[in-house]
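**Student:** generate a structure from the sequence data that follows.
(2 chains)
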Amino acid sequence: MTDAAKAPALSVRGVSGGYGAAIVVKNVDLTVPEGRIVAVLGKNGMGKTTLLKMIMGFLPLHQGEVHLFGKRINGEPPYLIARRNIAFCPQEQPLFQDLTVGENLRLGLFDDDAFEAKLEKVGVHFPFLPDRLRQRAGTLSGGEQKMLIVARSLMASPRIMLIDEITEGLQPSVIERLAHVLAEQRRAEGTAILLIEQHVTFALAIADEYAVLNQGEFVDRGPANAADAAERINRHLSI
Amino acid sequence: MQVLILDIVTTAAILFAVSCGLLISFGVLKIINFAHGAFLTIGGYSALVVTQMGWDPLLAYPFSLLVGLVLGAAVERFIVKPLYDRPLDAILATWGLGIVISQVITIVFGRGVQFVQSPVTGAVELFDGSYSVYRLAATGGAVIIGGLLALLMHRTRLGLNARAVIMNENLAQALGINSSSVRLIAFGLGAGLASLAGAIITPLSSVDPNMGVPWLVNAFMLVLVAGSSLLALLIGSVVLGGLQLVISTYGSPILGGLTIAVAAALLLRIRPKGFVLD
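**Tutor:** Numbers count the residues shown, from 1 in each chain, chains lettered A, B, ... in the order given. So this is what the prediction gives:
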């Protein structure tokens, strides 16, 4: 087995950074092994989204390294990182509202020839999508848009997904469906997932591990199935 | 009346051909290319070179397109790209480039007005009168350009990537789209289309080092009211081009020359989206 094959899907080592001189994330270490789901939780403004932006290359690192499947990626432009079997579901402006559902899904693929086969696959999880390919994405309901974001990420069969607060503003039935889809994706294809969340129940339902980010530093972490995990996380979120 | 309608159609077609390159580059780069008029002039002189070389006049179109594409790509890479983080400087750079191109053309070809050979000549009987065959052919050319552009933007992966970059460049990058390549292609294509439009215009008028300047103003105003929509540009070309023609014909040519700029400014005051449909 090569080093790359043994390496975790994502490894963040001693990473600090933020916006210009403002350091938002401070000396953070985080590992997402292949086939595992890690949830990073924290209140607003604690650096969760900033960390994702640094991993994806949208923000420079002041220090530290980011490795994807054993390959150092910091310094690479976002589009090259995105081509390394990684799917990113951002929280801000996550869809092309004026493109159709079908066009949004095609953008999740690098090879249009595979579209029909991949559409069939995501259609199993989200049956409404194949019937509404010509509908403008911006006219979908909030829940449908979130499902489209996840479906677009699944189109390329990623080895790792970075998902930023996908449950925000969603009704419980949609959250339940998304939890089922992500758990199934991990089970069927061994996809690693880094979940950024504030929805503790959702995160702990599918994650293997959790970590709590507070003012740019991890202040707690542990197995998601620990009896006191929810209580510990909620304590940090309520402070 | 029929001839007036035909005039409106052909004028709109030529305006569309002149403006669509600017629309493509503005949509993707978010920078108005003030050298657009200079690229149009380059197209005119490309057609002149074809005439002077004694080549088939039809070669003027692919030749001008190629010259514009290559020069446009070079300008994007070496002048515009280093200034993406400073959009105002990038706009000023294209303005300065337009002046430089005009001066270089003056040095190489002289200041005088010159004429190119038309691939088709004469008139055809239409609506109890005669009409320029070349104007009709130019209209057909503009329709083909518009059709091919629409196909490129809406039926190809490159077009989808370009629209994604236009709408949300960060998200496009997060999906693996190399927006730098898309910008290069868009700017090159925009310059190529400007040059092609210059070659289309020249048999209708003449060639001189500043021939692109008046077209730049109209193209700029049309792009402002069209956003990044080809359909809105088509509507704008018909409505404002038609208005210009009517005022020039029944009022004064001087007022007609101001029509597009004034009408576009008024439209944007009333409807900031211009001709962009909901």
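**Student:** OK, contacts around the closest residue to residue A:9 other than its chain neighbours?
**Tutor:** Excluding the flanking residues, the one nearest residue A:9 by CB to CB, 6 or more residues apart in numbering or on different chains is residue A:192, at 3.7 Å. C-betas here are computed from N, CA, C, even on glycine. With contacts defined as CB atoms under 8 Å, 6 or more residues apart in numbering or on different chains, residue A:192 is in contact with A:8-10, A:32-38, A:159-161, A:186.
**Student:** give me the element residue B:27 is part of.
**Tutor:** Take DSSP states H and E as the rule and residue B:27 turns out to sit in helix B:2-29.
**Student:** re the thing from before, just put the contacts of residue A:192 in a markdown table and tack on neighbour count and secondary structure.
**Tutor:** Below are the contacts of residue A:192 laid out as a markdown table (neighbours: other CB atoms under 10 Å in any protein chain shown; DSSP: H, G, I helix; E, B strand; the rest coil):
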| residue | neighbour count | secondary structure |
| --- | --- | --- |
| A:8 | 19 | coil |
| A:9 | 26 | coil |
| A:10 | 25 | strand |
| A:32 | 24 | strand |
| A:33 | 15 | coil |
| A:34 | 16 | coil |
| A:35 | 16 | coil |
| A:36 | 20 | coil |
| A:37 | 25 | strand |
| A:38 | 23 | strand |
| A:159 | 19 | coil |
| A:160 | 22 | strand |
| A:161 | 25 | strand |
| A:186 | 18 | helix |
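**Student:** so which bits of chain B are right by chain A?
**Tutor:** B:157, B:160-161, B:163-164, B:167-168, B:170-179 (CB under 8 Å from any CB of the partner chain).
**Student:** give me the ChimeraX select line for those residues, limited to the buried ones.
**Tutor:** Applied in ChimeraX, the following selects the buried portion of the residues of chain B next to chain A according to 16 or more other CB atoms under 10 Å in any protein chain shown:
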select /B:160,161,163,164,167,168,170,171,172,173,174,175,176,177,178,179
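**Student:** show me how chain A divides into domains.
**Tutor:** A:3-85+A:158-238, A:95-157 (automatic domain parsing).
**Student:** right, and residue A:229 touches residue A:220 too?
**Tutor:** No. With contact defined as CB atoms under 8 Å, residue A:229 does not reach residue A:220; the gap is 9.4 Å.
**Student:** between those two, point out the one with more neighbours.
**Tutor:** Neighbours per residue (other CB atoms under 10 Å in any protein chain shown) separate residue A:229 from residue A:220, with residue A:229 holding more: 21 against 15.
**Student:** state the distance from the more buried one to residue A:41.
**Tutor:** 10 Å (CB to CB, to the nearest Å).
**Student:** common neighbours of the two, please.
**Tutor:** Common contacts of residue A:229 and residue A:41, defined by CB under 8 Å, 6+ apart, comprise residue A:210.
**Student:** which parts of chain B are strands?
**Tutor:** Secondary structure of chain B by DSSP state E: the strands cover B:123-126, B:129-132.
**Student:** can you tell me the residue of the stretch 1-150 of chain B closest to chain A?
**Tutor:** residue B:27 (12.4 Å; CB to the nearest CB).
**Student:** excluding chain neighbours, what is closest to that residue?
**Tutor:** In space, and not counting its chain neighbours, residue B:27 is closest to residue B:228: 3.2 Å by CB to CB, 6+ apart.
**Student:** dump the residue contacts of the one you found.
**Tutor:** When contacts are counted by CB under 8 Å, 6+ apart, residue B:228 touches B:23, B:26-27, B:166.
**Student:** at 7 Å instead, please
**Tutor:** For residue B:228, the contact set (CB atoms under 7 Å, 6 or more residues apart in numbering or on different chains) comprises B:23, B:27, B:166.
**Student:** a markdown table for these, including neighbour count and pLDDT?
**Tutor:** What follows is these, written out as a markdown table (neighbours: other CB atoms under 10 Å in any protein chain shown; pLDDT from 0 to 100):
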| residue | neighbour count | pLDDT |
| --- | --- | --- |
| B:23 | 24 | 95 |
| B:27 | 22 | 87 |
| B:166 | 22 | 90 |
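**Student:** now do the phi/psi pair for the residue nearest to residue A:9.
**Tutor:** Taking degrees, to the nearest 10, you get phi -80, psi 150 for the backbone angles of residue A:192.
**Student:** so which residues of chain A form helices?
**Tutor:** Along chain A, the stretches classed as helices by DSSP state H are A:3-6, A:48-55, A:78-82, A:101-106, A:115-125, A:142-155, A:172-189, A:200-206, A:229-238.
**Student:** the third one close to chain B?
**Tutor:** The one in question is helix A:78-82. Yes. Helix A:78-82 comes into contact with chain B (CB under 7 Å from any CB of the partner chain), by way of A:78-79, A:82.
**Student:** by contact count, what packs against that helix?
**Tutor:** Counting contacts by 3 or more CB pairs under 7 Å, 6 or more residues apart in numbering or on different chains; DSSP states H and E, helix A:78-82 packs against helix B:169-174.
**Student:** quick one: the helix it packs on to chain centroid distance?
**Tutor:** How far helix B:169-174 lies from its chain's middle: 28 Å, per CA atoms, centre = their mean, to the nearest Å.
**Student:** what of stretch A:214-226?
**Tutor:** Distance, stretch centre to chain centre, for stretch A:214-226: 17 Å (CA atoms, centre = their mean).
**Student:** ok, now stretch A:41-49?
**Tutor:** That offset, for stretch A:41-49, works out to 14 Å (CA atoms, centre = their mean).
**Student:** buried sites along that stretch?
**Tutor:** By neighbour count with 16+ other CB under 10 Å, stretch A:41-49 contains the buried residues A:41-42, A:46-49.
**Student:** do stretch B:95-112 as well
**Tutor:** Within stretch B:95-112, the residues that count as buried by 16+ other CB under 10 Å are B:97-98, B:101-102, B:105, B:109.
**Student:** let's have the residues you listed in TSV, adding distance to residue A:96 and pLDDT.
**Tutor:** TSV is the format used below for the buried residues of stretch B:95-112 (distance: CB to CB, whole Å; pLDDT from 0 to 100):
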residue	distance to residue A:96	pLDDT
B:97	32	96
B:98	33	96
B:101	36	96
B:102	39	95
B:105	41	97
B:109	45	96
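**Student:** for those, give me CSV that also has distance to residue A:174.
**Tutor:** Output for those, formatted as CSV (distance: CB to CB, whole Å):
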residue, distance to residue A:174
B:97, 52
B:98, 53
B:101, 56
B:102, 59
B:105, 62
B:109, 66
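**Student:** narrow these to those in helices?
**Tutor:** Using DSSP H, these in helices are B:97-98, B:101-102, B:105, B:109.
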